[in-house]
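>>> structure, please.
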Amino acid sequence: MKIVQVHTQAAAGGTQRVSDMVATGLTARGHEMRTVFMYRYSDAYDGVENADILSLERADGLLDKAKGAKALMHYLRRTRPQAVITYDFWGNLIGTAGARMAGVPLVIANQGLAPTQSGTLAVASFLDKLCGSLGGYSYNIVNSTWTDAQYANHPAAYRRRLKLIEHGCWRPDTFLDKVAARDRFHLPQDAKLVISVGRLSDVKNQSVLVAALSHLPDVHLALAGNGPGREDIIRMAQARGLSDRLHLVGEVARSEVYDFLVAGDVFAFPSRSETFGLAAVEAAIAGVPVVASDLPVLRDVLIDEHRQPAALFAKADDAEAFSRALDRLLCQPDLAERIRSSGRSLAQKYDPDQMAARYAALLEGTGAV
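Model (predicted):
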């Protein structure tokens, strides 16, 4: 089967890493895969085989999104896939509109955000409910039991198409050791190092980690990612006299994510909102003890087969709580090892091959999901 995956932006984000795993797993099962991006956010997919970027300019307004749907329709009419897999609110809506206008018979959407009644995503949330209820999506994927519960009050016609497929989490066979990893990313060899991966933004909430540094003398912080919050983070660190302990490494290539993770002594994940938290799961699987926001979805996802937590949890906006949790893992080796052991075991729970098999069951109509 010829399948096209649709994203809004070409970037080295968690959703894009999920679609890479889906593509790898479905290709291994004999399907022909391509991934198309509405616009280029970074160079993460420049020159990548089986990846196409429709525009170099970002699509912000509704008119731009309508133009994007039209461009995608023409792309899909040229490539003629039998199925389309879409990601995130706007990717789902634009991808479904383009796919249906191009006559694609099977559309699988992925819900990367919980429904919302306020803010800029309220319109997208309403349109998603309408699209899902009217059958725009053939299937509609949620990636955690918590996310599934957020759609409990949606119409029955919408929920009939919901399927729970937890994200897989790919782990390379080999990656750098800590010394080599710190050298690769120009990080201090002898410092206690807290790391985090994610788009620099208000939602990902890296500013609370900068504030936490004020309570952690001699601890350094390394952030991987780019985004609109970068300059605010720099200004905050300067105002607090922390610039010499803050390291912004920029966007890390997909192939080097684990190399960056193993550079850290502790991974911090202060996000205000998630539906899965792939970056935190990747860190746990890499063997880095995790401190994560005390969100119900993260308590759901970051738990091993014995119901033991694979992270310590702290309130997202409480810098002192985050600093205390980070300090515990930095200073209590036995506790860090318990968290590390539970985290590594998540590799079996989030096997990317199992994830791909469940997508294949939907695409092939076996009913095995």
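
>>> going forward, measure contacts between C-alpha atoms and count neighbours the same way
Will do.

>>> residue boundaries of the helices in the stretch 51-200 of the chain?
Secondary structure of the stretch 51-200 of the chain (DSSP state H, counting those that start in this stretch): helices at 62-79, 89-101, 122-133, 145-150, 156-159, 178-184.

>>> what residue ranges in this structure score low on pLDDT?
For the chain, applying pLDDT under 70 flags the ranges 59, 366-369.

>>> where do the strands sit along the stretch 101-250 of the chain?
Taking DSSP state E, counting those that start in this stretch, the strands of the stretch 101-250 of the chain run over residues 106-110, 139-142, 162-164, 192-197, 219-224, 246-250.

>>> again with the stretch 251-369 of the chain
Under DSSP E, counting those that start in this stretch, the stretch 251-369 of the chain gives strands at 266-269, 290-293, 312-314.

>>> adding mean neighbour count and distance to Q238, write these out as JSON lines.
Formatted as JSON lines, the strands of the stretch 251-369 of the chain follow (neighbours: other CA atoms under 10 Å; distance: least, CA to CA, whole Å):
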{"stretch": "strand 266-269", "mean neighbour count": "29", "distance to Q238": "21"}
{"stretch": "strand 290-293", "mean neighbour count": "27", "distance to Q238": "25"}
{"stretch": "strand 312-314", "mean neighbour count": "22", "distance to Q238": "25"}
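
>>> I'd like those strands as TSV, with distance to L362 appended.
Output for the strands of the stretch 251-369 of the chain, formatted as TSV (distance: least, CA to CA, whole Å):
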stretch	distance to L362
strand 266-269	32
strand 290-293	33
strand 312-314	35
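
>>> and stretch 81-96, what's buried?
Under the neighbour-count criterion of 16 or more other CA atoms under 10 Å, stretch 81-96 has 81-96 buried.

>>> to what extent is V297 buried, counted in neighbours?
A total of 18 residues lie near V297 under the criterion other CA atoms under 10 Å.

>>> got it, and S42?
Neighbours of S42 (other CA under 10 Å): 14.

>>> so what's it closest to, chain neighbours aside?
Leaving aside its sequence neighbours, S42 sits nearest to A11 (CA to CA, 6 or more residues apart in numbering; 5.3 Å).

>>> got it, and A10?
With CA to CA, 6+ apart as the criterion, A10 has its nearest non-adjacent residue at 4.9 Å, and that residue is R40.

>>> what of V142?
Spatially, and ignoring its direct neighbours in sequence, V142 is nearest to L164 (5.0 Å; CA to CA, 6+ apart).
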